[in-house]
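**Q** here is a sequence with its predicted model. Questions after.
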Amino acid sequence: MSADCIFCKIVAGSIPSTKVYEDADTIAFMDINPVVKGHTLVIPKKHCDQLMLMPPDLLQKVILVTQKIAHAHINGLNAIGLNIAQANGKVAGQIVPHVHFHVIPRFDIDEHERRWHPGKYDNIEEMNQFAEKIRKAVH
């Protein structure tokens with residue numbers, strides 16, 4: 001637990017939340033500022049700042065709960081699709097430094113637009129250079 005982490009305070013029960021799922025290692029609760037109504041956060045109970053620092057067994061548990069919540073959005077909310085998002089570091093948009101997955105139900109008319117602006121590589125060689133750096137770093 002991190003004393004100044006809002007999600008750790010939710011896990012401890014010192015800040016209220018609207019839980020939709022809980023087990024020994026994870027908790028899923030409603031986002032109070034939903035992108036789309038039904039927006040749910042899935043977190044590990046153990047504090048971890050970033051995905052890359054999580055023990056693999058805990059990450060596995062969190063992603064399986066994320067999948068469970070995704071199914072619940074489809075079956076319980078009649079969502080016709082969903083977005084699952086996870087950010088690491090401020091530059092990536094991580095506001096709360098505690099690993100969390102956003103499960104966002106999507107509907108035909110939900111007034112949310114995904115605002116990614118696709119870019120391009122200068123050429124195939126540039127893309128291959130990036131790919132090679134990633135391949136060399138995979139372990």
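**A** Everything's here; your move.
**Q** tell me who's in contact with the residue positioned nearest the centre of the chain.
**A** Centroid check for the chain by C-alpha atoms, centre = their mean gives residue 101 as the closest residue, at 1.6 Å. Listed by C-beta atoms under 8 Å, 6 or more residues apart in numbering, the contact set of residue 101 reads 41, 42, 43, 62, 63, 66, 84, 85, 86. From N, CA and C alone the C-beta is placed, and that goes for glycine too.
**Q** closest to residue 93 out of those residues?
**A** Ranked by distance to residue 93 (C-beta to C-beta), those are led by residue 85 at 8.6 Å.
**Q** okay, that closest one: pLDDT?
**A** Residue 85 is assigned 94 on the pLDDT scale.
**Q** contacts only, for it.
**A** By C-beta under 8 Å, 6+ apart, the neighbours of residue 85 are 101, 102, 104.
**Q** if the first one is in a bridge, with which residues?
**A** Read it as residue 101. Beta-bridge pairing of residue 101 under DSSP bridges involves residue 42.
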